[in-house]
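*Asks:* Sequence and predicted structure below; questions after.
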Amino acid sequence: MDTTTVPRNARPSSRVRTLLAVGAVGATALALAAAAATPLNPAPRQVKAATAAADGKRTLTVAVSQSVDSLSPFLAQRLVSTTVHRLIYENLTNYDTKDNHAIPGLATKWEPSPDKLTWTYTIRENSRWSDGKQATAEDAAWTFNTMMKDEGAATANGSFVANFKKVTAPTPTRLVIELKKPQATMAALDVPILPRHEWEKVGDFSKFNNDKKFPVVGNGPFVLTDYKVDQYVKFRPNQKFWRGAPKFDELVLKYYKDGDAAVAALRKGEVSFAANLTPAQAASLAASRNIKVNDAPGRRFYALATNPGARSKDGKKFGDGHPALLNPKVRQALFAATDRRTIVDKVFQGHAVEGEGYIPPRFSAYHWKPTAGQKIAYDPEKAAALLDEAGYKKNSAGKRVGKDGRPLDFRILCHAIDPNDKAVGKYLQEWWGDLGIGLKVDCRDNVSDPWLAGEYDLAFDGWSVNPDPDFVLSIHTCAALPSTPKDTGATDNFICDKKFDELYAKQTTEYDAAKRAGLVKQMQSRLYDTGYMNVMAYPNALEAYRTDQIKAITTMPESGGNIWGQDGYWSWWSAVPADGGDTSGESGSSTGLVIGIGAAVVLAAALGAFVAMRRRSTAEDRE
Amino acid sequence: MTAPAATAAQTASALARARRRSSVARFWRSYRTHRAGLFGLCALAVIALVALAAPLLAGSDVQSVTNAPGAALESPSAEFPLGTDQFGRSLLGLLVWGARISLTVGLMAAALSVAIGTLVGIVAGHFGGWFSTLIMRITDWFLVMPTLVLAIVLATVMSRSVWTVILAIGVTTWPTTARLVRAQTLAVESRPYIERATALGGGHGHIMTRHVLPNVMPLVLAQTTLGISYAILTEATLAFLGLGDPDVVSWGGMLQDAREAGAVSSGHWWYLAPPGIAIALVALAFTLCGRAVESVLNPKLGVSNR
């Protein structure tokens, strides 16, 4: 997805060649000097320090790297986009920062009928759209009805309304939702409510990205005022927000495609917050003055997905997954030969928790652990025995070969931008190589194409889990498969398991929280046994902010939680600016930087010599 | 008269051998006078030796992550003179192993590029006319294409391997050689002995391979030596951009790994500086050699640059 542009030189002479040589060394040198120069974004430094700005405007700048997929809540699926939507729109309900229970959002109250098939929401009267109009039940009803009628509008959150029969707004403060079957997620509908009067004019929801007219009309704690692709997203606080206005005067999500550049900007005070740090960055930032590193249990799982034979709802099989992976023993053997402890210790350097069930331990109500008898522990000998049993014996060359003569050579899809994928891939190659299994780590900028086409054997997979697990469970049901091989389904990994589906249907209609949690745990147990999704670790959220710019900020959960990508707008809404004082930041005089620049200078000098000699020596050849 | 004839034949082949020997000796005498060229040659010899002896010097399991001896990102110590990477592997060992890939890719990509360039140049120069015009326009088209961008596109669409990188560099950098060789071919073919060879019945193939090729070889040699340093830099750039083979250790790949580990912003200079300096040194050494060879073979350049 990343595109690299290099300035074109149009002059067709031998100089092109030398210029390109400059580019070649330049790239190397740039990397070394990245920390010093933040070359990716030569934008003016008007947001230098939150409190030191001349006009007294206090800006909260957040470094982000993920591109926005769409600013339309009907389409947006990436974490950065859904975070933006949390900030500018209200959901019916929100999550409490302490224990994730549902608390009022746009709705102040919600209650089911005795048969639990009709839900009535009371919509608050003190929520206004940023253009001054009142936010009403009418808007909510329109949002849900649009998603039910228009397939384009159901792209991102369709799973929430699939079971809706009818949505009406009898009065401006009453919203009534009738269901076909009971639905457990009615107090956790993660759907942003949109202003009807603005969105009615939109023609095709599958193409509208909500990024042409600013400010974007919303009723969340912030108002989106400006957006430039991969440069910034800007917000101003909604002064009339019913829960209270945010305390900063401006919020900017600023793009740093390079993690090192983001950290350098944080050190200099150009940004107040940076997420997705590497362990080395976190360690060095922890030693810096005025910077607090937040190492919190994450809401993500990091898994090894195996291709269970891609297929669509119409029964057609497609893709080219390795047939050996259809054998559960092979899948178990692969996982038994994966040392999760080492992955946590070496790759995440302790900033993760060893993987077990599908849902991270942070959501304790739903977190599940395999029983002693069920657990696939790290045991290469058992893995070898399992493979022997499955009929994949080692041949004379030490490779495992099936009865059909096809060797166990797998490909694993890896995200080229995620260093963890590459690192784990290296370990897997060695662990599995000892067993006689070949592994090709196939790192791509865009993994979606082969993934959706089913053209992979294994893949590194991960999802952020919401307090309500319905969504992350729904992506492994048969109903999520694409309708035909050409379509895109909501499915994560083409899993279609009857037992899992039965349990999913049961938990959806179960209103008793304890019973539902039991069912969710059974589902995880089933998923674990099938071996299609093997969770290796739950990575921590490693993030850091400047204490001289942000005095206080709410994490989620409140004690020891994360800041970026919360289930709600709590962090940025609650952030308190620090009082004046010196915010000039560090001068960036760390030894590493100096020596890095030194190396860059050596390179540049060598290049200079190279170019000079080249030019002189080819003086006769040049035209 | 038979005996002298036999002697003459013997003498002819012996003469040819002797002439070759003496021209090599003359070349070496002249090369020796270029101090920079000698320095480059020595540096190359050392680096090549290190690369060849990598299994002895660094051990063969230096690339293994599961048997990594150290902790993550250790600073330089007696055990690890250049520190360790994020997996705990010795960076000195990786640097030594990386020399292999950098040299291999550099040599092979330059050879490929020069081979294509020579073929195109000789064919275009020999046949001339509309055919030459057509080929040279194609060459021009490749010449104005930004090499790095084209190489990135090629490396992206093909599978990630060392051969892809070699191919990507090779097929994007040949036009300069093609133009040089074509010019030289035209110069050679205008000499009277080519006309004589044609009159004696020499065909196109004979003239191109037996007369033109030996005469453009010196130029090709110099071009190759200079091309290698460019190829090494491009390889490092591609690897740094994440387009190299992730399974092998290369210097550009080490820089990329360092960036991914956050070594720049966390101040782990020992991870960044050595591969960068190594790339610069090897590129410099090849350039020095190439320049010396060029000025030996082309007396017009030799005087001022010594």
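*Replies:* Looks like it came in fine. As the structure is a computational prediction, the values presented were derived from the model and not from experiment.

*Asks:* in chain A, which residue is closest to the centre?
*Replies:* A:Leu79 (4.6 Å; C-alpha atoms, centre = their mean).

*Asks:* Look at it and report its pLDDT.
*Replies:* At A:Leu79, the model reports a pLDDT of 87.

*Asks:* could you say which helix or strand contains the residue lying closest to it once chain neighbours are set aside?
*Replies:* Distances taken as C-beta to C-beta, 6 or more residues apart in numbering or on different chains put A:Gly565 closest to A:Leu79, at 5.0 Å, once the chain neighbours are dropped. (C-beta placed from N, C-alpha, C; glycine too.) Element membership for A:Gly565 (DSSP states H and E) is empty, with no helix or strand holding it.

*Asks:* And the helices in chain B?
*Replies:* Secondary structure of chain B (DSSP state H): helices located at B:2-32, B:35-52, B:54-58, B:91-127, B:129-144, B:147-157, B:162-170, B:175-189, B:192-199, B:204-206, B:213-240, B:251-260, B:269-297, B:299-305.

*Asks:* Output these as TSV; include the columns mean pLDDT, mean neighbour count and distance to A:Cys478.
*Replies:* Output for the helices of chain B, formatted as TSV (pLDDT from 0 to 100; neighbours: other C-beta atoms under 10 Å in any protein chain shown; distance: least, C-beta to C-beta, whole Å):
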stretch	mean pLDDT	mean neighbour count	distance to A:Cys478
helix B:2-32	80	11	74
helix B:35-52	94	16	55
helix B:54-58	89	15	52
helix B:91-127	93	23	47
helix B:129-144	93	14	52
helix B:147-157	85	20	35
helix B:162-170	90	22	39
helix B:175-189	93	22	56
helix B:192-199	92	12	76
helix B:204-206	92	11	67
helix B:213-240	90	24	43
helix B:251-260	90	26	38
helix B:269-297	91	25	48
helix B:299-305	54	12	74
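
*Asks:* can you tell which of the ones you listed is closest to A:Lys149?
*Replies:* helix B:147-157 (40.7 Å; C-beta to C-beta).

*Asks:* ok and the closest one relative to helix B:162-170, angle-wise?
*Replies:* Relative orientation of helix B:147-157 versus helix B:162-170 (axes from the mean of the first three to the mean of the last three C-alpha atoms, to 10 degrees): 150 degrees.

*Asks:* Helix B:147-157 packs against which elements?
*Replies:* Helix B:147-157 sits against helix A:15-37, helix B:162-170, helix B:213-240, with contacts defined as 3 or more C-beta pairs under 8 Å, 6 or more residues apart in numbering or on different chains; DSSP states H and E.

*Asks:* Alpha carbons only: can I get stretch B:101-113 in CSV?
*Replies:* Taking C-alpha atoms only, stretch B:101-113 is exported to CSV below (Å, rounded to 0.1, in the frame of the first residue of the first chain):
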residue,chain,number,x,y,z
ILE,B,101,25.7,-11.2,-1.0
SER,B,102,26.9,-7.7,-1.7
LEU,B,103,29.8,-8.9,-3.7
THR,B,104,27.9,-11.6,-5.5
VAL,B,105,25.0,-9.3,-6.4
GLY,B,106,27.4,-6.6,-7.4
LEU,B,107,29.5,-8.8,-9.7
MET,B,108,26.6,-10.7,-11.3
ALA,B,109,24.4,-7.7,-11.8
ALA,B,110,27.2,-5.7,-13.4
ALA,B,111,28.2,-8.7,-15.6
LEU,B,112,24.6,-9.1,-16.7
SER,B,113,24.2,-5.4,-17.4
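
*Asks:* Please list the residues outside that stretch that contact it.
*Replies:* B:47-48, B:51, B:162, B:165-167, B:169-174, B:177, B:224-225, B:227-232, B:234-236, B:248-253, B:278-279, B:282, B:286 (C-beta atoms under 8 Å, 6 or more residues apart in numbering or on different chains).

*Asks:* ok now it, how far from the chain's centre?
*Replies:* Centroid displacement of stretch B:101-113 relative to its chain, using C-alpha atoms, centre = their mean, to the nearest Å, is 5 Å.

*Asks:* With stretch A:364-378 instead?
*Replies:* Centroid separation between stretch A:364-378 and its chain, computed with C-alpha atoms, centre = their mean, is 25 Å.

*Asks:* how far does that stretch stretch from start to finish?
*Replies:* 24 Å (C-alpha to C-alpha, to the nearest Å).

*Asks:* what do you get for stretch A:505-516?
*Replies:* 11 Å.

*Asks:* repeat for stretch B:56-65
*Replies:* One end of stretch B:56-65 sits 19 Å from the other (C-alpha to C-alpha).

*Asks:* What are the buried residues along that stretch?
*Replies:* If you call a residue buried by 16 or more other C-beta atoms under 10 Å in any protein chain shown, then stretch B:56-65 has these buried ones: B:Ala58, B:Gly59, B:Val62, B:Gln63, B:Ser64, B:Val65.

*Asks:* Likewise for stretch A:438-455?
*Replies:* Going by neighbour count (16+ other C-beta under 10 Å), the buried part of stretch A:438-455 is A:Leu439, A:Lys440, A:Val441, A:Asp442, A:Cys443, A:Arg444, A:Val447, A:Pro450, A:Trp451, A:Leu452, A:Gly454, A:Glu455.

*Asks:* Next step: those residues restricted to helices.
*Replies:* Per DSSP H, the buried residues of stretch A:438-455 map to helices at A:Pro450, A:Trp451, A:Leu452.

*Asks:* Ramachandran coordinates for the closest residue to the last one other than its chain neighbours?
*Replies:* Right, A:Leu452. In space, and not counting its chain neighbours, A:Leu452 is closest to A:Thr488: 5.8 Å by C-beta to C-beta, 6+ apart. When read as degrees, to the nearest 10, the backbone of A:Thr488 gives phi -110, psi 120.

*Asks:* Please report the distance of the residue lying closest to B:Ser90 once chain neighbours are set aside from A:Leu253.
*Replies:* In this structure, B:Ser90 finds its nearest non-sequential neighbour in B:Phe80, 4.9 Å apart by C-beta to C-beta, 6+ apart. Applying C-beta to C-beta, to the nearest Å, the value for B:Phe80 to A:Leu253 is 40 Å.

*Asks:* the more surrounded of those two?
*Replies:* Taking other C-beta atoms under 10 Å in any protein chain shown, B:Phe80 and A:Leu253 do not tie; A:Leu253 has more neighbours (24 against 21).

*Asks:* Bridge partners for that one, pull those for me.
*Replies:* Taking DSSP bridges as the rule, A:Leu253 bridges to A:Val62, A:Val233.
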